[in-house]
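A.B. asks: Based on what follows, work out the 3D shape:
(one chain, ligands or ions: 2)
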Amino acid sequence: MSTVQRSRRGFFQSATAAVVTAGAVLQNPLEAMLPDEQRLPRPGRLLDCHLHINHFDRSVEDTIRHMDRTGTSRAFILPLETGEGNVLLRSETVLHAFHLYKDRIIPFCQTDIRQPDVLDRIRAYHLLGCRGIGEQKEHLPLGDKRVEAVIALCDELNWPITIHFQDSASGYNQGMAEHLETYLKRYRRVRIIGHAQTFWANISADVPPPDETLYPTGPVRPGGLLDRLLGDYPNLYADMSAGSGYRALSRDEDFTAGFFDRHPKQILFGSDCPCRDGAGENFKGMCYSTQLQRLLRRLISDESRLDDAFHNNAMLALEGTA
Ligand SMILES: [Zn+2]
Ligand SMILES: [Zn+2]
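C.D. replies: Ligands and ions are numbered 1, 2, ... in the order given. Next up, the predicted model:
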């Protein structure tokens, strides 16, 4: 073997080792030729704050494949134990997946908060290695004492909680405008990660009634509740996942660029993507992860801010500062 061949082989071996250590994918060399906004993130620098496993019966292996294909090094995996959002994923299943893929999966837990033993169960999940609660998505209003009890427990455990806010009659955690600020004020250690339609409708000062639409479009009117709460409460984070996040952030890109400038440490990359392959093979050709990555690359030019949105802010939300 020539010196050149040997050193080349050495290069590939060490490159492979570096990539495996980072727990991320080997990137296609052709990717270097893609326009900036289509590139995958640097290995180890994309943390997805919102992923489930069994969307459309996706397996754990396919979920990891989705992460590989989208350049996602790690993800918060969120169970939904009551299945009220049409996905039923048990906390035990997430813990099992975590034991198979310790360097890729950050396990959250969730369990029926109407059961009398809910706080004991959550404490048990804490001892078993879970890192937060989510996705909290049950048909209870936000002001319900049982919702407050799990937020209070997260505060005690120094945990984040991901909440699905949807104000429609058959929605979840209704009453964000009336109750969210009370919790942010009362519980300063818990990180509340906001998600879904009503959370994102409040990017604008004019929010249509939920029975009219949950997905408002068109220019954003400045002065929305989200801007105020994110500005006043560093313990609030914005989960940009799913159609709700993407539609809100892409409806008025000039406004969004300013929104990112005002809250650079509180925006979390997340996908909630149900696809198996990072190309939407089972999801009408759409992948929420790659779609959002491209939007963020287009709107955030500063690399360190992009790094915050893709990775560092999720770590802040996970670990807290208390
Ligand atoms: Zn979800
Ligand atoms: Zn996808």
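
A.B. asks: For the residue in the stretch 51-200 of the chain that ligand 2 sits nearest to, identify the helix or strand it belongs to.
C.D. replies: Scanning the stretch 51-200 of the chain for proximity to ligand 2 using Cβ to the ion identifies residue 66 as nearest, at 5.4 Å. In this view, the C-beta of every residue, glycine as well, is placed from N, C-alpha and C. Element membership for residue 66, per DSSP states H and E: helix 60-69.

A.B. asks: who's in contact with the nearest residue to the residue of the stretch 51-200 of the chain closest to ligand 2 once chain neighbours are set aside?
C.D. replies: Leaving out its chain neighbours, the residue that sits closest to residue 66 by Cβ to Cβ, 6 or more residues apart in numbering is residue 278, at 5.6 Å. By Cβ atoms under 8 Å, 6 or more residues apart in numbering, residue 278 lies in contact with 65-66, 68-70, 287, 289-290.

A.B. asks: before we move on, what SS does residue 278 have?
C.D. replies: Here residue 278 takes the coil state, with states given by DSSP: H, G, I helix; E, B strand; the rest coil.

A.B. asks: And residue 291, by the same measure?
C.D. replies: Going by three-state DSSP: residue 291 is helix.

A.B. asks: Repeat that for residue 134.
C.D. replies: strand.

A.B. asks: quick one, what contacts residue 99?
C.D. replies: For residue 99, the contact set (Cβ under 8 Å, 6+ apart) is empty.

A.B. asks: Please see if the helix holding residue 66 touches ligand 1.
C.D. replies: No. With Cβ under 5 Å from the ion as the criterion, ligand 1 is not reached by helix 60-69; the gap is at least 12.9 Å.

A.B. asks: what's that helix packed up against?
C.D. replies: Packing partners of helix 60-69 (3 or more Cβ pairs under 8 Å, 6 or more residues apart in numbering; DSSP states H and E): strand 47-51, strand 74-77, helix 91-100.

A.B. asks: contacting residues around the first one?
C.D. replies: Strand 47-51 is touched from outside by 63, 66-67, 70, 72-78, 134-135, 162, 193, 195, 239, 241-242, 268-273, 289, 310-311, 314-315, 317, with contacts defined as Cβ under 8 Å, 6+ apart.

A.B. asks: From ligand 1, how far off is residue 197?
C.D. replies: Here residue 197 is placed at a distance of 12 Å from ligand 1 (Cβ to the ion, to the nearest Å).

A.B. asks: Make 15 the first number, not 1, from now on.
C.D. replies: All right, first residue 15 from here; so that's residue 211.

A.B. asks: I figured that residue was touching residue 222, is that so?
C.D. replies: No. Look at residue 211 against residue 222 with Cβ atoms under 8 Å: they stay out of range, at 11.0 Å.

A.B. asks: Of these two, which one has the most company?
C.D. replies: Each of residue 211 and residue 222 has its neighbours counted (other Cβ atoms under 10 Å); residue 211 has more, 25 against 13.

A.B. asks: For the more buried one, give me the backbone phi and psi.
C.D. replies: In terms of degrees, to the nearest 10, the main-chain angles of residue 211 are phi -60, psi -50.

A.B. asks: Contacts for stretch 300-310, please.
C.D. replies: 51-52, 54-55, 60, 62, 80, 84-86, 254-257, 259-260, 263-264, 283-287, 289, 292-294, 320, 323-324.

A.B. asks: what about 6 Å?
C.D. replies: Here stretch 300-310 makes contact (Cβ atoms under 6 Å, 6 or more residues apart in numbering) with 51, 84, 260, 264, 285, 287, 289, 292-294, 323.
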